[in-house]
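Participant: Dropping a prediction and its sequence here:
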Amino acid sequence: MIEVIQFNDNGKDKNLNNNNDNINSNSNNNLIIINENNNNNISYYNFLNPLFKNTPICYIKIENSKQLKDSLNYAMNIVKKRVSIRSGGHSCCNFSILNDTVNLDMSGLKECKVDVSNKSVTVQCGVTFLEYYKETTKYLLGGPGGSCPSVCLGGLALGGGSNPLSIKHGYLLDNILEITILLENGKLVKANSTNQYSDLFWALRGAGHCSFGIALDFKIQLYDIQPYYYHNSAELSFDSMIESNEIIDQYMKTTKSNNNVYIGLDYRITIKSKRLINTLIFFYIGDLVDGENEFEKLLQLLSSSQTITTPPRFVEISSEKVKKTFLEIVERVPYSNKTRRSFTKCRFSKDLNKQNSLALKEIMEMAPIIISKMKEPDVIANFSSTIYYHGGIQNQLPKDNCSFIHRGDECTWSYTFICLYTKEINDQILKEWKTKINSCLDIFGDQIYQNYPDDECSNWQLAYYGNHYQRLQQIKKKYDPNNYFKYQQSIELPLVKK
């Protein structure tokens, strides 16, 4: 059975059966029409990001493959609408919830089955990464994923998936063994590297965000993980950002032969903090004492620089006191699943050079000015830039392994800018910060991580997919010849030659 719940003009759920003669005459017993009074999810469309005011005609909560097939049939053949696909709803441009579509909510697909003997897991797309790691780490197994625990597999896995374990094992999409996907023709198929759908499997890993079908589940390779990892942090001087970033960049080049150090840099200001904070995050794969020594070595490099006046500040360095399980590391990131107005920009970059750091510094120094100009105080206002390391195995694999092109030295780091707030009255003021970011993006690089899409990018085809795009168009033509799966930045059909 599937439950179909419509949206009315006031943003409340409404019985779809009241206004649709096609449904009234439909003999499909698998449809259950839910009235608002009987629905416990009236605030369902209190979107995660109301900055994007997209309104589907209805939504359907999917709990199994039969419901998924029935829902696609309902959308295509009964109401004759396209679908939009929502797993966790974290799409930063709200591509997962689109106007005039049947929105398929996949968050109820929660199966996660670990095959310990073969070190693999079959996981449905509605499983969050916190749920995923809670299950796999029971057996001291894990692998690459994301950095946000509330993000679901469905969106992240198809566009990349990078975290500290990626320096040893690649992106999450590099470790997908098989994908179950529902195609436009109603067939539920399994795509892998050796069967008749190997071309589709190649395309889905990097370009699978609702361009070819609806992903249901993934079979993923797992690896043995350590009982504990060396994981630490230090506060660095914001004013010395240029100098410290150059030291960190050079230090990371010395770790490339072993691929055992992961670095993150977080620059942030909130109304509560009232100051710009620069945090270094350090993760080491290997012996805990070796991790402690490497962290101390990096701190020494930063402390001994004559151009850095304020040394790093840290609470503890002892490996016995800072060691953490991988699950504990995942859980340290706030589980954010609340309504927030937000915008995000991201670019891959080659290094942490002076030009990049100058641009980053200018962007972050504008944030306190924006806060002072707000029309109303916003207690959760949060301006951040996070630099993620994408080195190691994840950018050493060949670009043609799958449709994901962001490999090699040009994609060693990514710069991600995020603004979070709640009050609509501040939209125009906060837009000034986005304008500043946009003016600097070309400094960082021209490749965009598709898990942080940019709805203002005019050449997104090249920025996401590079020279793979034409091949992706041919695969699109093969599996979705009518372009049913379509959104603002979905893979387009090839132009018809006259």
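Facilitator: In hand now; what should we look at?
Participant: ok, for residue 440, nearest residue in space, not its chain neighbours?
Facilitator: With sequence-adjacent residues excluded and distances taken as CB to CB, 6 or more residues apart in numbering, residue 440 is closest to residue 359, at 4.3 Å. (Each C-beta comes from the backbone N, C-alpha and C, glycine too.)
Participant: Residue 288 and residue 323 touch, don't they?
Facilitator: Yes: assessed by CB atoms under 8 Å, residue 288 is found in contact with residue 323 at 5.5 Å.
Participant: where along this structure do the helices fall?
Facilitator: Assigned by DSSP state H, the helices in the chain fall at 21-24, 65-73, 129-136, 153-159, 166-169, 198-207, 241-253, 288-304, 319-322, 326-331, 354-373, 427-444, 460-465, 469-479.
Participant: now, of the ones you listed, which is deepest in the fold?
Facilitator: Each of the helices of the chain was scored by mean neighbour count; the highest is helix 153-159, a mean of 28, by mean count of other CB atoms under 10 Å.
Participant: Name the residues that touch that helix?
Facilitator: The contact list for helix 153-159 (CB atoms under 8 Å, 6 or more residues apart in numbering) reads 85, 87-88, 90-91, 96, 106, 109, 123-129, 132, 145-146, 172-173, 176, 204-209, 215, 218, 220, 404, 449-451.
Participant: ok, now stretch 165-173?
Facilitator: Residues from elsewhere that reach stretch 165-173 (CB under 8 Å, 6+ apart): 142-146, 156-162, 175, 205-206, 220-221, 223, 225, 259-262, 285, 326, 389-394, 397, 402, 404.
Participant: Distance across that stretch, terminal residue to terminal residue?
Facilitator: Using CA to CA, to the nearest Å, one end of stretch 165-173 lies 13 Å from the other.
Participant: roughly how far out does it sit from the chain middle?
Facilitator: Averaging C-alpha positions (CA atoms, centre = their mean, to the nearest Å) puts stretch 165-173 15 Å from its chain's average.
Participant: Next: stretch 458-465.
Facilitator: Using CA atoms, centre = their mean, the distance from the centre of stretch 458-465 to the centre of the chain it belongs to is 17 Å.
Participant: go on, stretch 270-277?
Facilitator: Worked out by CA atoms, centre = their mean, stretch 270-277 lies 25 Å from the chain centre.
Participant: Check stretch 410-425 too.
Facilitator: The chain centre lies 12 Å from the centre of stretch 410-425; the measure is CA atoms, centre = their mean.
Participant: what comes up buried for it?
Facilitator: Using 16 or more other CB atoms under 10 Å as the test for burial, stretch 410-425 gives 410-423.
Participant: End to end on that stretch, go ahead and measure it.
Facilitator: 39 Å.
Participant: do the same with stretch 324-334
Facilitator: Termini of stretch 324-334 sit 16 Å apart (CA to CA).
Participant: again with stretch 474-489
Facilitator: First-to-last residue span, stretch 474-489, CA to CA: 16 Å.
Participant: quick one: average pLDDT of it?
Facilitator: Here stretch 474-489 scores 97 as its mean pLDDT.
Participant: With stretch 136-143 instead?
Facilitator: pLDDT averaged over stretch 136-143 gives 98.
Participant: and that stretch, how far out from the chain's middle?
Facilitator: Taking the mean of its C-alpha atoms, stretch 136-143 sits 21 Å from the chain's own mean (CA atoms, centre = their mean).
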